[in-house]
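*Asks:* test case, fold it:
(chains A and B)
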Amino acid sequence: SQKIEQNSEALNIQEGKTATLTCNYTNYSPAYLQWYRQDPGRGPVFLLLIRENEKEKRKERLKVTFDTTLKQSLFHITASQPADSATYLCALDPLNTGFQKLVFGTGTRLLVSP
Amino acid sequence: DVKVTQSSRYLVKRTGEKVFLECVQDMDHENMFWYRQDPGLGLRLIYFSYDVKMKEKGDIPEGYSVSREKKERFSLILESASTNQTSMYLCASTIEADTQYFGPGTRLTVL
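*Replies:* Residues are numbered from 1 along each chain as shown, chains lettered A, B, ... in the order given. The predicted structure follows:
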């Protein structure tokens, strides 16, 4: 069956460290994968998109990798800050239709302590 | 900046009531989506629309219908609300296959 898996346990790290979140998928061949941030009681906010022909993408303190062989994306936040505490969701378009009918992972909660 | 607004942040309804959730986007986006989000289940697509008067079922359309009479507005209708429809409802829109812009969400409680 098709599924997207993110670690359901919260990730607790200290301020200044690098947070690494994992997104694994099974039985999909996505053309791209997206990462979103969601704060409690709010809608998700888009962070980064990485395409299948890109190994790595960076935006400020964020870095995403995409390994189509391992069927895995890693999301890194370097020099983490308490303000980075949120739930992070990965998503992909399973049919690559262009309508962006996304399938989302359940998200991983990140807690950055001072 | 893209703005997606939803008619209510919190809503409490009774079982059997007809419920309307409204979503408006201000960026002329073709595609609009309705999701529900539940703990442990993540975001699940209810319906989406890729043009005015066009709609397609998502993964969990049962008990819901939608309406898109104008490009900027996408409505989700619960014909007869039930307690298992208590959830966070999120609307999103997009014009390109890159980014979905989400609204703030409506937390619906059905008693």
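
*Asks:* so where do the strands sit in chain B?
*Replies:* B:4-6, B:10-13, B:19-25, B:31-38, B:42-51, B:54-57, B:64-70, B:73-78, B:87-94, B:101-102, B:106-110 (DSSP state E).

*Asks:* so where is the chain shaky, pLDDT-wise?
*Replies:* Picking chain A for this. Where chain A drops to pLDDT under 70, the residues are A:97-99.

*Asks:* ah, no, chain B please
*Replies:* Scanning chain B for pLDDT under 70 picks out the ranges B:1-2, B:96-98.

*Asks:* residue contacts, the closest residue to chain A within it?
*Replies:* As assessed by Cβ to the nearest Cβ, chain A sits closest to B:Phe102 within chain B, at 3.1 Å. C-betas here are computed from N, CA, C, even on glycine. Contacts for B:Phe102 (Cβ atoms under 8 Å, 6 or more residues apart in numbering or on different chains) come out as A:43-45, B:4, B:90-92.

*Asks:* also A:Asn27?
*Replies:* For A:Asn27, counting by Cβ under 8 Å, 6+ apart, the contacting residues are A:1-3.

*Asks:* can you name the residues of chain A sitting close to chain B?
*Replies:* A:8, A:32, A:34, A:36, A:41-46, A:49, A:89, A:91, A:93, A:98-107 (Cβ under 8 Å from any Cβ of the partner chain).

*Asks:* mind checking which of the residues you listed are buried?
*Replies:* A:32, A:34, A:36, A:42-44, A:46, A:49, A:89, A:91, A:93, A:99-107 (16 or more other Cβ atoms under 10 Å in any protein chain shown).

*Asks:* skip the chain neighbours and tell me the closest residue to A:Arg42.
*Replies:* B:Pro104 (6.0 Å; Cβ to Cβ, 6 or more residues apart in numbering or on different chains).

*Asks:* and A:Ile13, by the same measure?
*Replies:* A:Ala19 (5.3 Å).

*Asks:* and the two most separated of the contacts of B:Phe102?
*Replies:* A:Val45 and B:Cys91 (14.0 Å; Cβ to Cβ).

*Asks:* about what we covered before: where does the residue nearest to A:Arg42 fall, phi/psi-wise?
*Replies:* B:Pro104 adopts backbone torsions of phi -80, psi -10, taken as degrees, to the nearest 10.

*Asks:* right, and it touches B:Ser7 too?
*Replies:* No: the pair B:Pro104 / B:Ser7 is not scored as a contact, 10.6 Å apart, by Cβ atoms under 8 Å.
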